[in-house]
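[1] Sharing a model prediction with you, sequence too.
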Amino acid sequence: MSIKSNVRKITTNTLQQMKQNGEKISMLTAYDFSLARIVDTAGIEVILVGDSASNVVAGHETTLPITLDQMIYHGASVVRGTSRALIVVDLPFGSYQGNSREALNSAIRIMKETGAHAVKLEGGAEIIDSVERIISAGIPVMGHLGLTPQSIYKFGTYTVRAKEEMEANKLLEDAKLLEKSGCFSIVLEKIPSKLANNVTSQLTIPTIGIGAGPSVDGQVLVLHDLLGITHEFNPRFLRRYLNLHDQISEAITKYVDDVKSLNFPNENESYN
Ligand code: KIV
């Protein structure tokens, strides 16, 4: 029996139960084996292999360039480091917007080639055929509404979404549609707290917020933001729990000094 099978795993049912019991859900991104292992062991319920890897791992300005093959590479690495958390992988831009058959093929590749448990897609009514087709193949789907970074060139900015009544109404309708189609959860990104509260109270599936205030059923952050690696990014919703950028930088500066001054390696760090 492998060590992995001894752990009580988080499932989509667990999340549903947590909403019913009023217990908040914690979700974080991860993109590689080593950090996924730490995140999982620390007790996170959901790990999102986000297409934010395009920004924080690959250094692109947007999430658009990351490919399905690259998401599969990140997803498989995270799965190898995880025993307990539910793992959701983002379908990247261009892998599902064409038609529902393409969307299903992309989702199947993610499930088969990574071992993850679910996929996430951005959008509402406009992608509902794809959502339904993926779910009918037995693949759990997480929705994503509000600020949807794959549509950044349509919005033009990363500011708060759905402040106006028309957009807020559409978001609520999209959320209900995603629930009706069988999504197990929905991410709400950068929308007013009042709207997030309204959506959350009208859905039976859990909502997970990022910049959506406290009334949602769970919270998600990008791991590199929480750890303070991406120190230039400072949105209002972000709470940094570490300043790893400075700590890593100091450690590396010290290492460089030690190498140059012959302080490293010392006798105990060398072989006889
Ligand atoms: O890709 C990502 O990290 C995300 C979260 C911000 C929800 O979609």
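    Alright, I've got the coordinates. Numbering: from 1, shown residues only.

[2] Please list the residues of the stretch 101-250 of the chain that sit near the ligand.
    Val187, Glu189, Ile210, Val220, Val222 (CB under 6 Å from any ligand atom). C-beta here means a position set from N, CA and C on the backbone, and glycine is covered the same way.

[3] Could you rerun that using 8 Å?
    Lys120, Glu122, His144, Pro149, Val187, Glu189, Ile208, Ile210, Val220, Leu221, Val222 (CB under 8 Å from any ligand atom).

[4] per-residue confidence averaged over stretch 38-53?
    Averaging pLDDT along stretch 38-53 yields 98.

[5] what number of residues lie near the residue of the stretch 51-200 of the chain found nearest the ligand?
    The ligand sits closest to Ser52 of the stretch 51-200 of the chain, with a gap of 3.2 Å, by CB to the nearest ligand atom. Ser52 has 21 neighbouring residues, counting by other CB atoms under 10 Å.

[6] And for the one 5 residues further on?
    Other residues lying near Val57 total 15 when counted by other CB under 10 Å.

[7] Tell me how far it lies from Thr29.
    10 Å (CB to CB, to the nearest Å).

[8] Out of the residues of the stretch 101-250 of the chain next to the ligand, which two are the most distant from each other?
    The span of those, defined through CB to CB, is set by Glu122 and Leu221 at 17.5 Å.

[9] So these two - more neighbours on which side?
    Glu122 (25 against 20).

[10] Please name the nearest non-neighbouring residue to the more buried one.
    Distances taken as CB to CB, 6 or more residues apart in numbering place Thr148 nearest to Glu122, at 3.9 Å, with adjacent residues excluded.

[11] sorry, back to before: turn the residues of the stretch 101-250 of the chain next to the ligand into TSV, including secondary structure, distance to Arg240 and pLDDT.
    Formatted as TSV, these follow (DSSP: H, G, I helix; E, B strand; the rest coil; distance: CB to CB, whole Å; pLDDT from 0 to 100):
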residue	secondary structure	distance to Arg240	pLDDT
Lys120	strand	24	99
Glu122	coil	25	98
His144	strand	23	98
Pro149	helix	20	97
Val187	strand	21	99
Glu189	strand	18	98
Ile208	strand	20	98
Ile210	strand	14	98
Val220	strand	15	99
Leu221	strand	9	98
Val222	coil	11	98
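
[12] Name the SS class of Lys163, please.
    Look at Lys163: counting by DSSP: H, G, I helix; E, B strand; the rest coil, its state is coil.

[13] Quick check: it touching Lys194?
    No. With contact defined as CB atoms under 8 Å, Lys163 and Lys194 do not form a contacting pair (10.2 Å).

[14] ok, which stretches of the stretch 101-250 of the chain are strands?
    Under the criterion DSSP state E, counting those that start in this stretch, strands of the stretch 101-250 of the chain are mapped to 118-120, 141-146, 185-189, 207-210, 218-221.

[15] which residues touch the shortest one?
    Read that as strand 118-120. Surrounding strand 118-120, the residues in contact under the criterion CB atoms under 8 Å, 6 or more residues apart in numbering are 12, 48, 86-91, 107, 110-111, 134, 139-144, 184, 187.

[16] before we move on, what about the last one?
    With contact meaning CB under 8 Å, 6+ apart, strand 218-221 is reached by 15, 18, 24-29, 45-46, 48, 187, 206-210, 238-239.

[17] For Ser2, report the pLDDT, please.
    In this prediction Ser2 is given a pLDDT of 47.

[18] Can you give me the first-to-last residue distance of stretch 137-148?
    With CA to CA, to the nearest Å as the measure, stretch 137-148 spans 25 Å from end to end.

[19] Sort out which residues of it are buried, please.
    Buried positions in stretch 137-148, judged by neighbour count with 16 or more other CB atoms under 10 Å: Ile139, Pro140, Val141, Met142, Gly143, His144, Leu145, Gly146, Leu147, Thr148.

[20] from what I can see the second one touches Ala116, true?
    Yep, that's Pro140 we're talking about. No. With contact defined as CB under 8 Å, Pro140 does not count as touching Ala116 (9.8 Å).

[21] Show the residue spans covered by the helices in the stretch 51-200 of the chain.
    In the stretch 51-200 of the chain, the helices defined using DSSP state H, counting those that start in this stretch lie at 53-56, 68-80, 100-114, 128-136, 152-155, 165-181, 193-202.
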